[in-house]
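Enquirer: Sequence first, predicted coordinates after that:
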Amino acid sequence: MPPSRFPPYYRWLEDILRDDISQGTYKPGDALPTEHELMRRYDLSITTVRRAVHDLVREGWIYRKAGKGTFVKRTKLEERLARLTSFAEEMQSRNIVPQFKLIRAELVIPPDQVARFLKINPKHKAFLIERVQIANGESIALARGYWNPEIGEKLAQHDLQRIALYEIVEQHLHIPLVEADESINAMTADAELARKLGVRKNSALLVRRRMTYSSEMRPIEFTTTFYRADRYEYKIRLARHGV
């Protein structure tokens with residue numbers, strides 16, 4: 001039973017369940033106790049329990065399956081839009097070991113938009129590196145990157161199943177990555193993307209297009225990354241009046 005001075009009781013139960021989820025008592029995919037089990041365990045009314053469960057569903061901590069129960073929702077990996085980082089660096093900042101599955105690394109005729117950015121003749125080839133990005137053993141995104149051919153061919157001499165591209169560019173090729181332009185939009189997965197990411201066709205995706213520059217605004221890469229929207233999100237903090 002909650003402390004007598006803790007009003008209202010449903011918030012007390014919400015706090016307990018949030019803590020249990022955060023501390024791993026209930027892991028992603030685990031079923032929560034039923035409403036009647038929560039009633040008995042915490043000596044609460046059904047109305048109080050249902051209100052707490054409803055609020056946690058609304059906040060995205062848990063979800064309901066009709067006829068099966070209430071389950072802990074998987075947390076999304078998030079990236080804050082503040083500085084130029086790679087997928088590997090984002091994962092390492094969360095103590096997650098990034099992994100990669102190389103799909104292809106080869107010279108190809110790039111799309112016109114890519115050729116213009118890389119400042120190469122539309123009839124000439126760029127170096128395409130396509131990899132699935134993996135975190136905690138799960139496919140998170142597919143990165144399809146076009147590089148200047150001389151850089152791409154040097155990248156391909158390394159183990160692209162293991163090493164982060166930005167690490168190779170900066171530490172091995174000694175090319176500083178200074179800034180990038182990005183755009184983000186949404187789409188649904190076609191059959192090819194669904195197969196490579198291990199999701200259903202027409203699943204929601206976040207699409208990030210990044211154009212990265214070295215010093216003196218030298219174009220380096222044009223990469224389109226397709227993120228599973230159920231496993232990845234972007235966050236940005238905005239300030240007003242320079243505060």
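Expert: Sure thing, it's come through.
Enquirer: From now on I want contacts and neighbour counts done on CA atoms only, so please keep to that.
Expert: Fine.
Enquirer: Show me the protein divided up by domain.
Expert: 9-72, 77-235 (automatic domain parsing).
Enquirer: want to throw those domains into CSV with mean pLDDT?
Expert: Output for these, formatted as CSV (pLDDT from 0 to 100):
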stretch, mean pLDDT
domain 9-72, 88
domain 77-235, 88
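Enquirer: okay if I get the ones you listed as TSV plus mean neighbour count?
Expert: Conversion of the domains of the chain to TSV gives the following (neighbours: other CA atoms under 10 Å):
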stretch	mean neighbour count
domain 9-72	16
domain 77-235	17
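Enquirer: roughly how far apart are Glu59 and Ala164?
Expert: As defined by CA to CA, to the nearest Å, Glu59 lies at a distance of 34 Å from Ala164.
Enquirer: okay, which residue is most central for the chain?
Expert: Tyr232 (2.8 Å; CA atoms, centre = their mean).
Enquirer: Chain neighbours aside, what residue packs nearest to Ile168?
Expert: Leu155 (6.8 Å; CA to CA, 6 or more residues apart in numbering).
Enquirer: err, Asp181, not the other one
Expert: Met211 (5.2 Å).
Enquirer: In this model Leu177 seems to touch that neighbour, though I could be wrong.
Expert: No. Using CA atoms under 8 Å as the test, Met211 is too far from Leu177 to be in contact (10.9 Å).
Enquirer: How about the secondary structure of Ile129?
Expert: strand (DSSP: H, G, I helix; E, B strand; the rest coil).
Enquirer: for it, which residues make a bridge with it?
Expert: Assessed by DSSP bridges, Ile129 has beta-bridge partners Ala105, Gly145.
Enquirer: how about it, what does it touch?
Expert: Going by CA atoms under 8 Å, 6 or more residues apart in numbering, Ile129 touches 102-106, 143-147, 152.
Enquirer: need the contact list for Thr34.
Expert: If you count contacts by CA under 8 Å, 6+ apart, Thr34 has them with 69-70.
Enquirer: Kindly recompute the last result at 10 Å.
Expert: By CA atoms under 10 Å, 6 or more residues apart in numbering, the residues touching Thr34 are 40, 49, 68-70.
Enquirer: For it, give its distance to Leu56.
Expert: Going from Thr34 to Leu56 by CA to CA gives 14 Å.
Enquirer: Equivalent analysis for Asn121, please.
Expert: 55 Å.
Enquirer: Please write out the alpha-carbon positions of stretch 19-27 in PDB.
Expert: C-alpha atoms of stretch 19-27 as PDB (Å, rounded to 0.1, in the frame of the first residue of the first chain):
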ATOM      1  CA  ASP A  19      11.700   2.100 -11.900                       C
ATOM      2  CA  ASP A  20      11.200  -1.600 -12.400                       C
ATOM      3  CA  ILE A  21      11.400  -1.200 -16.200                       C
ATOM      4  CA  SER A  22      14.400   1.200 -16.000                       C
ATOM      5  CA  GLN A  23      16.300  -1.100 -13.700                       C
ATOM      6  CA  GLY A  24      15.600  -4.200 -15.800                       C
ATOM      7  CA  THR A  25      13.200  -6.000 -13.500                       C
ATOM      8  CA  TYR A  26      11.000  -6.100 -16.500                       C
ATOM      9  CA  LYS A  27      12.900  -6.200 -19.800                       C
END
